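>>> Return a 3D structure for these sequence lines:
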Amino acid sequence: MRIALVGSHTGEMPHRTGTAGFARALTQQGHEIVVYARRDAANVGDREHTEDGYEVVHVPFGPARPMPEAAVWDHTDDFARFLRREWVRAKPDIAHSDGSVAGLAALLAAREHGVPVVHTHHEPDSEHERIARLICRHAAHVAVTSSDQVHGLCLAGVPRSRISVSPAGVDLDGRGLPGVTERGSGPVRVLGLGGLLPGHGFDTVVAAMADLRNAALVVAAPVETVDRNTGLEARRLRHLAVRLGVQGRVSVTGTANRAEVTALLRSAHVVVTAPRRDPAGVVALEAMARGLPVVASAVGALADVVVDKITGRLVPPGDVRALTLALRELVADRSRRDALGLAGADRVRARYGWDRVARDAVLVYQRAAHLVRAEAG
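Residues are numbered from 1 along each chain as shown. This next block holds a predicted model:
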(Lines give C-alpha, C1' and ligand atoms only; values in the text may rest on other atoms or scores of the structure.)
Protein backbone atom coordinates (compact mmCIF):
# COMPACT_ATOMS: atom_id res chain seq x y z
CA MET A 1 0.00 0.00 0.00
CA ARG A 2 1.02 3.60 -0.58
CA ILE A 3 0.32 5.31 2.75
CA ALA A 4 0.40 9.04 3.45
CA LEU A 5 1.04 9.87 7.12
CA VAL A 6 -0.18 13.42 7.68
CA GLY A 7 0.73 15.45 10.77
CA SER A 8 0.66 19.18 11.43
CA HIS A 9 4.01 19.24 13.25
CA THR A 10 7.27 17.44 12.56
CA GLY A 11 7.63 14.38 14.77
CA GLU A 12 4.03 14.24 15.95
CA MET A 13 2.63 11.49 13.76
CA PRO A 14 1.31 9.16 14.99
CA HIS A 15 0.02 9.77 18.51
CA ARG A 16 2.68 12.47 19.03
CA THR A 17 5.06 9.73 20.04
CA GLY A 18 7.29 8.60 17.22
CA THR A 19 6.77 9.03 13.53
CA ALA A 20 10.06 7.35 12.77
CA GLY A 21 9.31 4.04 14.50
CA PHE A 22 5.85 3.75 12.97
CA ALA A 23 6.97 4.72 9.46
CA ARG A 24 9.98 2.42 9.67
CA ALA A 25 7.83 -0.53 10.72
CA LEU A 26 5.33 0.06 7.91
CA THR A 27 8.18 0.32 5.41
CA GLN A 28 9.74 -2.92 6.65
CA GLN A 29 6.38 -4.61 6.09
CA GLY A 30 6.56 -3.68 2.40
CA HIS A 31 4.49 -0.48 2.27
CA GLU A 32 5.43 2.78 0.55
CA ILE A 33 5.36 5.53 3.16
CA VAL A 34 5.34 9.30 2.73
CA VAL A 35 5.23 11.46 5.87
CA TYR A 36 3.81 14.98 5.50
CA ALA A 37 4.57 17.50 8.24
CA ARG A 38 4.82 21.28 8.44
CA ARG A 39 8.20 22.83 7.69
CA ASP A 40 9.08 24.43 11.02
CA ALA A 41 12.64 25.60 10.29
CA ALA A 42 14.12 27.64 7.44
CA ASN A 43 17.09 25.30 6.96
CA VAL A 44 14.93 22.22 6.28
CA GLY A 45 14.72 20.97 2.70
CA ASP A 46 11.55 20.16 0.78
CA ARG A 47 11.97 16.38 0.87
CA GLU A 48 14.03 13.93 2.82
CA HIS A 49 14.61 10.29 1.89
CA THR A 50 15.43 8.53 5.15
CA GLU A 51 17.84 5.66 5.59
CA ASP A 52 14.90 3.55 6.75
CA GLY A 53 13.31 3.79 3.30
CA TYR A 54 10.42 6.22 3.77
CA GLU A 55 10.11 9.80 2.53
CA VAL A 56 9.45 12.92 4.62
CA VAL A 57 7.87 15.92 2.89
CA HIS A 58 8.26 19.22 4.76
CA VAL A 59 5.12 21.13 3.81
CA PRO A 60 5.47 24.92 3.44
CA PHE A 61 2.37 26.16 5.23
CA GLY A 62 2.73 28.94 7.74
CA PRO A 63 6.07 30.53 8.67
CA ALA A 64 9.12 28.24 8.82
CA ARG A 65 9.43 28.27 12.59
CA PRO A 66 7.85 26.43 15.54
CA MET A 67 4.22 27.40 16.10
CA PRO A 68 1.57 26.43 18.65
CA GLU A 69 -1.32 24.33 17.39
CA ALA A 70 -3.77 27.23 17.70
CA ALA A 71 -1.73 29.29 15.22
CA VAL A 72 -1.39 26.43 12.73
CA TRP A 73 -5.18 26.37 12.26
CA ASP A 74 -4.97 29.59 10.25
CA HIS A 75 -2.99 27.79 7.53
CA THR A 76 -5.15 24.68 7.11
CA ASP A 77 -6.28 25.65 3.59
CA ASP A 78 -2.66 25.97 2.45
CA PHE A 79 -1.93 22.52 3.86
CA ALA A 80 -4.94 21.02 2.05
CA ARG A 81 -3.98 22.65 -1.27
CA PHE A 82 -0.46 21.26 -1.01
CA LEU A 83 -1.75 17.73 -0.34
CA ARG A 84 -4.22 18.02 -3.21
CA ARG A 85 -1.42 18.88 -5.64
CA GLU A 86 0.79 16.12 -4.24
CA TRP A 87 -1.88 13.50 -4.66
CA VAL A 88 -2.48 14.43 -8.28
CA ARG A 89 1.12 13.37 -8.86
CA ALA A 90 1.04 10.26 -6.63
CA LYS A 91 -2.29 9.28 -5.12
CA PRO A 92 -2.01 7.30 -1.86
CA ASP A 93 -4.14 4.27 -1.13
CA ILE A 94 -4.72 5.56 2.43
CA ALA A 95 -4.15 8.84 4.24
CA HIS A 96 -3.62 8.58 8.00
CA SER A 97 -3.94 11.94 9.75
CA ASP A 98 -2.93 12.76 13.29
CA GLY A 99 -4.64 15.62 15.12
CA SER A 100 -7.41 17.94 13.99
CA VAL A 101 -5.44 20.33 11.75
CA ALA A 102 -3.94 17.44 9.81
CA GLY A 103 -7.29 15.65 9.76
CA LEU A 104 -9.14 18.59 8.24
CA ALA A 105 -6.41 19.15 5.62
CA ALA A 106 -6.35 15.46 4.70
CA LEU A 107 -10.13 15.26 4.36
CA LEU A 108 -10.27 18.36 2.14
CA ALA A 109 -7.53 16.97 -0.11
CA ALA A 110 -8.83 13.39 -0.10
CA ARG A 111 -12.36 14.35 -1.11
CA GLU A 112 -11.17 15.31 -4.61
CA HIS A 113 -9.16 12.11 -5.07
CA GLY A 114 -11.36 9.53 -3.33
CA VAL A 115 -8.65 8.66 -0.82
CA PRO A 116 -9.86 6.95 2.40
CA VAL A 117 -8.80 8.87 5.52
CA VAL A 118 -8.02 7.13 8.80
CA HIS A 119 -7.87 9.79 11.48
CA THR A 120 -6.17 9.65 14.87
CA HIS A 121 -8.30 11.76 17.20
CA HIS A 122 -6.98 13.77 20.13
CA GLU A 123 -9.14 15.83 22.46
CA PRO A 124 -8.93 19.37 20.99
CA ASP A 125 -9.12 22.74 22.70
CA SER A 126 -12.68 23.96 23.33
CA GLU A 127 -12.56 26.40 20.39
CA HIS A 128 -12.08 23.61 17.86
CA GLU A 129 -14.06 20.81 19.50
CA ARG A 130 -16.94 21.02 17.00
CA ILE A 131 -14.54 20.78 14.04
CA ALA A 132 -12.78 17.81 15.61
CA ARG A 133 -16.08 15.94 15.94
CA LEU A 134 -16.97 16.71 12.31
CA ILE A 135 -13.61 15.35 11.18
CA CYS A 136 -14.27 12.12 13.05
CA ARG A 137 -17.73 11.75 11.54
CA HIS A 138 -16.40 12.20 7.99
CA ALA A 139 -13.29 10.02 8.29
CA ALA A 140 -13.51 6.46 7.01
CA HIS A 141 -12.15 5.24 10.35
CA VAL A 142 -11.12 6.87 13.63
CA ALA A 143 -8.27 5.68 15.81
CA VAL A 144 -8.05 6.72 19.45
CA THR A 145 -5.16 6.15 21.78
CA SER A 146 -7.12 5.06 24.85
CA SER A 147 -10.30 3.17 25.62
CA ASP A 148 -11.90 6.02 27.52
CA GLN A 149 -12.17 8.10 24.32
CA VAL A 150 -14.46 5.63 22.57
CA HIS A 151 -17.65 6.52 24.47
CA GLY A 152 -17.34 10.23 23.77
CA LEU A 153 -16.95 9.66 20.03
CA CYS A 154 -19.99 7.40 19.96
CA LEU A 155 -22.00 10.15 21.64
CA ALA A 156 -20.69 12.55 18.99
CA GLY A 157 -22.23 10.37 16.27
CA VAL A 158 -19.31 8.19 15.17
CA PRO A 159 -20.42 4.55 14.71
CA ARG A 160 -18.63 2.18 17.08
CA SER A 161 -17.71 -0.05 14.13
CA ARG A 162 -15.59 2.80 12.76
CA ILE A 163 -13.58 3.38 15.94
CA SER A 164 -10.56 1.41 17.10
CA VAL A 165 -8.12 1.82 19.96
CA SER A 166 -4.68 2.25 18.40
CA PRO A 167 -2.04 2.61 21.11
CA ALA A 168 1.27 4.38 21.00
CA GLY A 169 4.33 2.27 20.31
CA VAL A 170 7.90 1.94 21.49
CA ASP A 171 11.16 0.88 19.85
CA LEU A 172 12.15 -2.71 20.59
CA ASP A 173 15.07 -3.04 18.19
CA GLY A 174 17.73 -1.87 20.60
CA ARG A 175 17.70 1.79 19.63
CA GLY A 176 18.03 3.52 22.96
CA LEU A 177 17.02 0.46 24.98
CA PRO A 178 19.82 -0.49 27.38
CA GLY A 179 20.99 -4.05 27.65
CA VAL A 180 22.20 -3.50 31.21
CA THR A 181 21.10 -1.14 33.92
CA GLU A 182 23.03 1.19 36.16
CA ARG A 183 20.86 0.72 39.25
CA GLY A 184 23.19 0.43 42.18
CA SER A 185 22.79 0.35 45.95
CA GLY A 186 21.60 3.18 48.16
CA PRO A 187 18.18 4.84 48.28
CA VAL A 188 15.58 3.61 45.85
CA ARG A 189 15.55 6.02 42.91
CA VAL A 190 12.09 7.15 41.83
CA LEU A 191 11.92 8.92 38.47
CA GLY A 192 9.09 11.29 37.62
CA LEU A 193 9.12 11.85 33.87
CA GLY A 194 6.82 14.02 31.78
CA GLY A 195 5.75 17.55 31.01
CA LEU A 196 6.46 20.00 33.82
CA LEU A 197 3.08 21.68 33.68
CA PRO A 198 0.25 22.27 36.16
CA GLY A 199 -2.06 19.27 36.15
CA HIS A 200 0.68 16.78 35.36
CA GLY A 201 0.68 15.58 38.95
CA PHE A 202 4.28 16.11 40.02
CA ASP A 203 3.15 18.11 43.04
CA THR A 204 1.41 14.92 44.18
CA VAL A 205 4.62 12.94 43.71
CA VAL A 206 6.69 15.49 45.66
CA ALA A 207 4.11 15.41 48.45
CA ALA A 208 4.33 11.60 48.60
CA MET A 209 8.06 11.84 49.28
CA ALA A 210 7.36 13.16 52.78
CA ASP A 211 6.42 9.60 53.80
CA LEU A 212 9.06 7.74 51.75
CA ARG A 213 12.22 7.78 53.83
CA ASN A 214 14.40 5.40 51.83
CA ALA A 215 13.78 6.95 48.43
CA ALA A 216 15.07 9.79 46.31
CA LEU A 217 13.04 11.46 43.56
CA VAL A 218 14.23 12.99 40.30
CA VAL A 219 11.70 14.93 38.19
CA ALA A 220 12.60 15.68 34.57
CA ALA A 221 10.82 16.97 31.48
CA PRO A 222 11.78 15.45 28.11
CA VAL A 223 12.72 18.28 25.79
CA GLU A 224 9.76 17.62 23.47
CA THR A 225 7.34 18.40 26.32
CA VAL A 226 8.84 21.77 27.22
CA ASP A 227 6.85 24.98 26.87
CA ARG A 228 6.94 28.46 28.35
CA ASN A 229 5.50 27.26 31.68
CA THR A 230 8.08 24.52 32.30
CA GLY A 231 10.49 26.74 34.23
CA LEU A 232 7.72 28.15 36.40
CA GLU A 233 6.46 24.67 37.30
CA ALA A 234 9.98 23.46 38.08
CA ARG A 235 10.45 26.36 40.52
CA ARG A 236 7.05 25.69 42.08
CA LEU A 237 7.96 22.05 42.69
CA ARG A 238 11.31 23.00 44.23
CA HIS A 239 9.55 25.42 46.59
CA LEU A 240 7.06 22.68 47.50
CA ALA A 241 9.93 20.30 48.32
CA VAL A 242 11.47 22.92 50.61
CA ARG A 243 8.14 23.56 52.33
CA LEU A 244 7.68 19.81 52.95
CA GLY A 245 11.27 19.39 54.13
CA VAL A 246 12.20 16.88 51.43
CA GLN A 247 14.48 19.09 49.32
CA GLY A 248 17.45 16.85 50.14
CA ARG A 249 15.74 13.87 48.48
CA VAL A 250 13.99 15.66 45.60
CA SER A 251 15.76 16.93 42.50
CA VAL A 252 13.80 18.80 39.82
CA THR A 253 16.22 18.84 36.91
CA GLY A 254 13.95 20.54 34.38
CA THR A 255 14.57 19.82 30.71
CA ALA A 256 16.25 16.55 29.66
CA ASN A 257 17.35 15.64 26.14
CA ARG A 258 16.97 12.13 24.75
CA ALA A 259 20.35 10.91 25.97
CA GLU A 260 19.67 12.29 29.46
CA VAL A 261 16.24 10.65 29.58
CA THR A 262 17.84 7.31 28.66
CA ALA A 263 20.45 7.74 31.39
CA LEU A 264 17.78 8.58 33.96
CA LEU A 265 15.76 5.51 33.02
CA ARG A 266 18.85 3.31 33.27
CA SER A 267 19.51 4.48 36.83
CA ALA A 268 15.92 4.44 38.13
CA HIS A 269 14.25 1.73 40.20
CA VAL A 270 10.66 2.95 39.81
CA VAL A 271 9.00 5.34 37.36
CA VAL A 272 6.01 7.42 38.38
CA THR A 273 3.68 9.28 36.03
CA ALA A 274 0.70 10.87 37.74
CA PRO A 275 -1.08 13.29 35.39
CA ARG A 276 -4.80 14.03 35.41
CA ARG A 277 -4.98 13.01 31.74
CA ASP A 278 -2.68 11.14 29.40
CA PRO A 279 -3.81 10.20 25.87
CA ALA A 280 -0.79 8.11 24.91
CA GLY A 281 0.99 6.64 27.96
CA VAL A 282 4.43 7.00 26.37
CA VAL A 283 6.34 7.43 29.65
CA ALA A 284 4.87 4.22 31.02
CA LEU A 285 5.69 2.33 27.81
CA GLU A 286 9.31 3.46 27.75
CA ALA A 287 9.75 2.57 31.42
CA MET A 288 8.17 -0.87 31.00
CA ALA A 289 10.33 -1.56 27.94
CA ARG A 290 13.34 -1.13 30.22
CA GLY A 291 11.99 -3.53 32.85
CA LEU A 292 10.89 -0.83 35.29
CA PRO A 293 7.74 -0.99 37.41
CA VAL A 294 5.41 1.97 36.88
CA VAL A 295 3.15 3.79 39.30
CA ALA A 296 0.60 5.73 37.24
CA SER A 297 -2.66 7.63 37.41
CA ALA A 298 -5.60 5.49 36.33
CA VAL A 299 -6.46 7.81 33.43
CA GLY A 300 -6.46 7.70 29.64
CA ALA A 301 -3.95 5.42 27.99
CA LEU A 302 -2.19 4.79 31.31
CA ALA A 303 -5.20 2.76 32.44
CA ASP A 304 -4.79 0.63 29.29
CA VAL A 305 -1.00 0.31 29.35
CA VAL A 306 -0.37 -0.43 33.05
CA VAL A 307 -2.02 -3.56 34.45
CA ASP A 308 -2.55 -2.91 38.16
CA LYS A 309 -0.54 -5.24 40.41
CA ILE A 310 0.86 -7.04 37.35
CA THR A 311 3.10 -4.51 35.57
CA GLY A 312 2.80 -1.67 38.08
CA ARG A 313 0.27 0.18 40.20
CA LEU A 314 -2.64 2.39 39.19
CA VAL A 315 -3.85 5.09 41.56
CA PRO A 316 -6.56 7.77 41.37
CA PRO A 317 -5.18 11.05 39.99
CA GLY A 318 -4.41 13.62 42.66
CA ASP A 319 -4.66 11.10 45.53
CA VAL A 320 -1.50 11.64 47.58
CA ARG A 321 -2.28 8.88 50.06
CA ALA A 322 -2.90 6.24 47.37
CA LEU A 323 0.24 7.28 45.52
CA THR A 324 2.28 7.16 48.72
CA LEU A 325 1.07 3.66 49.57
CA ALA A 326 1.80 2.37 46.06
CA LEU A 327 5.31 3.84 46.04
CA ARG A 328 6.00 2.66 49.59
CA GLU A 329 5.16 -0.92 48.57
CA LEU A 330 7.68 -0.84 45.73
CA VAL A 331 10.37 1.07 47.60
CA ALA A 332 10.30 -1.54 50.35
CA ASP A 333 10.27 -4.68 48.20
CA ARG A 334 12.94 -5.25 45.55
CA SER A 335 11.56 -8.61 44.50
CA ARG A 336 8.18 -6.98 43.91
CA ARG A 337 9.82 -4.31 41.75
CA ASP A 338 11.63 -6.97 39.74
CA ALA A 339 8.48 -9.04 39.20
CA LEU A 340 6.43 -6.07 38.02
CA GLY A 341 9.27 -4.88 35.80
CA LEU A 342 9.65 -8.25 34.08
CA ALA A 343 5.91 -8.50 33.47
CA GLY A 344 5.90 -4.96 32.07
CA ALA A 345 8.72 -5.73 29.65
CA ASP A 346 6.85 -8.84 28.45
CA ARG A 347 3.67 -6.81 27.93
CA VAL A 348 5.45 -4.15 25.88
CA ARG A 349 7.15 -6.76 23.68
CA ALA A 350 3.85 -8.51 23.04
CA ARG A 351 1.63 -5.50 22.41
CA TYR A 352 3.41 -2.18 22.00
CA GLY A 353 6.35 -2.68 19.67
CA TRP A 354 6.09 -0.61 16.48
CA ASP A 355 5.93 -3.77 14.39
CA ARG A 356 2.74 -4.89 16.16
CA VAL A 357 1.27 -1.37 16.11
CA ALA A 358 1.96 -1.12 12.37
CA ARG A 359 0.42 -4.53 11.60
CA ASP A 360 -2.74 -3.55 13.48
CA ALA A 361 -2.84 -0.21 11.65
CA VAL A 362 -2.69 -1.96 8.27
CA LEU A 363 -5.75 -4.02 9.19
CA VAL A 364 -7.55 -0.76 9.98
CA TYR A 365 -6.42 0.70 6.64
CA GLN A 366 -7.76 -2.32 4.77
CA ARG A 367 -11.15 -2.05 6.51
CA ALA A 368 -11.33 1.66 5.76
CA ALA A 369 -10.48 1.14 2.09
CA HIS A 370 -13.09 -1.62 1.81
CA LEU A 371 -15.74 0.66 3.39
CA VAL A 372 -14.99 3.49 0.95
CA ARG A 373 -15.14 1.14 -2.02
CA ALA A 374 -18.43 -0.32 -0.81
CA GLU A 375 -19.99 3.13 -0.33
CA ALA A 376 -18.76 4.26 -3.75
CA GLY A 377 -20.20 1.14 -5.39
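
>>> okay, CA-based contacts and neighbour counts for the rest of this
Will do.

>>> For this protein, give me the ranges with low pLDDT.
Confidence mapping of the chain against pLDDT under 70 gives the ranges 9-17, 124-125, 173-185, 377.

>>> Let me see the domain layout of it.
With automatic domain parsing as the criterion, the domains of the chain are listed as 2-169+353-376, 188-351.

>>> Would you mind listing the buried residues in stretch 18-37?
When neighbours are counted by 16 or more other Cα atoms under 10 Å, the buried residues of stretch 18-37 are found to be 18-27, 31-37.

>>> Kindly report the same for stretch 61-78.
By neighbour count, with 16+ other Cα under 10 Å as the criterion, the buried positions of stretch 61-78 are 61, 62, 64, 72, 73, 76, 77.

>>> can you tell me the helix or strand for the closest residue to the fourth one other than its chain neighbours?
It refers to residue 72. The spatial neighbour of residue 72 that comes closest, neighbours along the chain excluded (Cα to Cα, 6 or more residues apart in numbering), is residue 62 at 6.9 Å. When elements are assigned from DSSP states H and E, residue 62 belongs to no helix and no strand.

>>> who's in contact with residue 62?
Contact analysis of residue 62 by Cα atoms under 8 Å, 6 or more residues apart in numbering lists 38, 72, 75.

>>> Next, find the distance separating it from residue 187.
Counting by Cα to Cα, to the nearest Å, the gap between residue 62 and residue 187 amounts to 50 Å.

>>> Repeat that for residue 109.
As for residue 109, its distance to residue 187 is 56 Å (criterion: Cα to Cα).

>>> Who has more neighbours out of these two?
residue 109 (25 against 14; other Cα atoms under 10 Å).

>>> In the helix or strand the more buried one falls within, which residues are buried?
Taking DSSP H and E as the definition, residue 109 sits inside helix 100-113. Buried positions in helix 100-113, judged by neighbour count with 16+ other Cα under 10 Å: 100, 101, 102, 103, 104, 105, 106, 107, 108, 109, 110.

>>> so who does the last one touch?
This means residue 110. Each residue near residue 110 by Cα under 8 Å, 6+ apart is listed here: 84, 95, 116, 117.

>>> can you give me phi and psi for the last one?
As for residue 117, its main-chain torsions (degrees, to the nearest 10) stand at phi -110, psi 120.

>>> ok, it to residue 102 distance?
11 Å.

>>> Regarding the closest residue in space to residue 146 that isn't next to it in sequence, what is its secondary structure?
Beyond its immediate neighbours in the sequence, the residue positioned closest to residue 146 (Cα to Cα, 6+ apart) is residue 301, lying 4.5 Å away. With DSSP: H, G, I helix; E, B strand; the rest coil as the basis, the three-state label of residue 301 is helix.

>>> again with residue 37
Following three-state DSSP, the label given to residue 37 is strand.

>>> from what I can see it touches residue 44, true?
No: the pair residue 37 and residue 44 fails to qualify as a contact (Cα atoms under 8 Å) at a distance of 11.6 Å.

>>> Could you name every residue contacting both of the two?
By Cα under 8 Å, 6+ apart, the residues touching both residue 37 and residue 44 are residue 58.

>>> Let me see the ranges of the strands in this protein.
Applying DSSP state E to the chain gives strands spanning 2-7, 32-38, 47-49, 55-59, 94-98, 117-120, 141-144, 163-165, 188-193, 215-222, 250-256, 270-273, 294-297, 312-315.

>>> The ones you listed: which one's closest to residue 171?
With distances scored as Cα to Cα, the stretch of these nearest to residue 171 is strand 215-222 (16.8 Å).

>>> same for that closest one, what does it pack against?
In this structure, strand 215-222 makes packing contacts with strand 188-193, strand 250-256, helix 258-267, judged by 3 or more Cα pairs under 8 Å, 6 or more residues apart in numbering; DSSP states H and E.

>>> Of all the ones you listed, which one comes closest to residue 317?
Of all the helices and strands packed on strand 215-222, it is strand 188-193 that lies closest to residue 317, at 14.5 Å by Cα to Cα.

>>> what separates residue 228 from residue 190, distance-wise?
Applying Cα to Cα, one obtains 26 Å for the distance of residue 228 from residue 190.

>>> Kindly report the same for residue 374.
Residue 374 sits at a distance of 53 Å from residue 190 (criterion: Cα to Cα).

>>> Comparing those two, which shows the higher neighbour count?
For residue 374 and residue 190, the more surrounded residue by other Cα under 10 Å is residue 190, and the numbers stand at 27 against 9.
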